[in-house]
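Colleague: The following comprises the amino acid sequence and a computationally predicted model.
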Amino acid sequence: MGNTSTSDPEIITANSSVSIGGQQFNLRETVINLIECGLTSISIEIDRFRALKVLNLHGNRLRSIPAEIGKLSALESLNLPYNRLTSIPAEIGQLNKLRFLNLLGNQLTSIFVEIGKLSELEVLDLGKNLLTSIPAEIGQLGGLGKLYLKYNQLTSIPKEIGQLSVLKILSAPNNRLTSIPVEIWKLSALEYLDLSYNQLASLSVEIGQYNSWREMKLNDNLLTSIPTEIGQLITLKELDLRNNQFSSPPPEDREECAKFIRKRYLHLQQISWSKKDHHLYPLQVKEAIFTLLMIGSVKNGIPRHPEARIYKLPKEILHIIFGFIYEKQ
């Protein structure tokens, strides 16, 4: 008979344990939570937890993660927000069962290209880092449903994002985006899009290609116009276009958008505009917008107006719908 040893990580007894962050954990653990424990490092023995499914290291002082983490073959959730990480080991790409990866609030300047190997990943949070770009390999995450990129320094988003066929949420506010790939408008499953607080100057006509949209936030950009194709988004419930640089549209655009309002207004439950511009709106336009929003609500505390007539919606209402500042001549 061969010799056996309880120190062999492949042979785990009920008493086998390892100290992580000053705490003892049995090697059969499936969940390890070390939240706000002041950790500055993780033992390389982390790789002995072969049954581990959830590793939560939220709010510590970690500057790096050992490459051995790539050996946690059962890991499904890796939670590393609000540490001091400046890089992530490429070995994380070996975690072929990982479904949730949270790197929010670190000091990452780049993302490893091996991220494209995480074929089971469903949620990826890269918000509040120092990222200037996202690798094209992100397009290989076929199961990704939620992608969070807020508060980085991104100037672009790779066109490969158009390959994320099940993506439902894309949140990238507070970056430096000057344009977005047309492939985003072709994401047939996308329901929520937040591109607010960027530097977008225009939108593609492809914006109306699919009707899965529920909420779209494009406020605080540099937009001067909105494609009339937006009128094809009949499932859209909330549209925010506040604080852009809209000017009065040409007559043909006004007429086209007026048709959209007459035919599609019932699906718009909430529209936001700049509170500072309220005094510019003539009374009849205000009454019309209140009627339009009878089925929903308006931000900034403006009440509904129950007496306005739907069939008297003036054409000028589109100035408000699409964020235009309208002053009656």
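Modeller: Done, it's in. Residues are numbered from 1 along each chain as shown.

Colleague: how deep is residue 215 tucked in, by neighbour count?
Modeller: Residue 215 has 16 neighbouring residues, counting by other CB atoms under 10 Å. For the C-beta atoms, the positions are set from N, CA and C on the backbone; glycine is no exception.

Colleague: And residue 186, how far from residue 146?
Modeller: Separation of residue 186 from residue 146 (CB to CB, to the nearest Å) stands at 18 Å.

Colleague: Show me which of the two is the more surrounded one.
Modeller: When neighbours are counted by other CB under 10 Å, residue 186 and residue 146 differ, and residue 146 comes out ahead with 17 against 14.

Colleague: Contact partners for that one?
Modeller: 122-125, 167-169 (CB atoms under 8 Å, 6 or more residues apart in numbering).

Colleague: is it in a bridge, and if so with what?
Modeller: Note on residue 146: beta-bridge partners by DSSP bridges are residue 123, residue 169.

Colleague: same check, this time on residue 215
Modeller: So, taking DSSP bridges as the rule, residue 215 has residue 192, residue 238 as bridge partners.

Colleague: Contacts only, for residue 81.
Modeller: Residue 81 touches 58-59, 102-106, 125, counting by CB under 8 Å, 6+ apart.

Colleague: Turn the contacts of residue 146 into TSV, including distance to residue 36 and pLDDT.
Modeller: TSV is the format used below for the contacts of residue 146 (distance: CB to CB, whole Å; pLDDT from 0 to 100):
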residue	distance to residue 36	pLDDT
122	26	98
123	22	98
124	23	98
125	18	98
167	32	97
168	31	96
169	27	97
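
Colleague: out of these, who has the most neighbours?
Modeller: Neighbour max across the contacts of residue 146 (other CB under 10 Å) = residue 167, 24 neighbours.

Colleague: Hmm, residue 189 and it touching each other?
Modeller: Yes. Using CB atoms under 8 Å, residue 167 makes contact with residue 189 at a distance of 6.0 Å.

Colleague: anything in contact with each of the two?
Modeller: With CB under 8 Å, 6+ apart as the test, residue 167 and residue 189 both reach residue 145.

Colleague: check contacts around residue 96.
Modeller: 73, 117-120.

Colleague: Repeat that for residue 36.
Modeller: Per CB under 8 Å, 6+ apart, neighbours of residue 36: 58-60.

Colleague: Repeat that for residue 207.
Modeller: 185, 227, 229-230, 233.

Colleague: mind checking the SS state of it?
Modeller: helix (DSSP: H, G, I helix; E, B strand; the rest coil).

Colleague: Now it: closest residue in space that isn't a chain neighbour?
Modeller: residue 185 (5.1 Å; CB to CB, 6 or more residues apart in numbering).

Colleague: Count the residues that sit near that neighbour.
Modeller: Per other CB under 10 Å, the neighbour tally for residue 185 reads 22.

Colleague: low-confidence ranges in this structure?
Modeller: 1-15, 211, 228, 231, 234, 246-329 (pLDDT under 70).

Colleague: show me where it has strands.
Modeller: For the chain, the strands defined by DSSP state E cover 17-20, 23-26, 31-33, 54-56, 77-79, 100-102, 123-125, 146-148, 169-171, 192-194, 215-217, 238-240, 270-272.

Colleague: between the ones you listed, which gets nearest to residue 112?
Modeller: strand 100-102 (11.4 Å; CB to CB).

Colleague: Name the surrounding residues that touch that closest one.
Modeller: So strand 100-102 is in contact with 76-81, 92, 118, 121-125, going by CB under 8 Å, 6+ apart.

Colleague: and with 10 Å instead?
Modeller: Strand 100-102 is contacted by residues 54, 56-58, 75-82, 88, 92, 95, 115, 118, 120-127, 146, 148 when judged by CB atoms under 10 Å, 6 or more residues apart in numbering.

Colleague: what comes up buried for stretch 225-242?
Modeller: Buried residues in stretch 225-242, counted by 16 or more other CB atoms under 10 Å: 225-233, 236-242.
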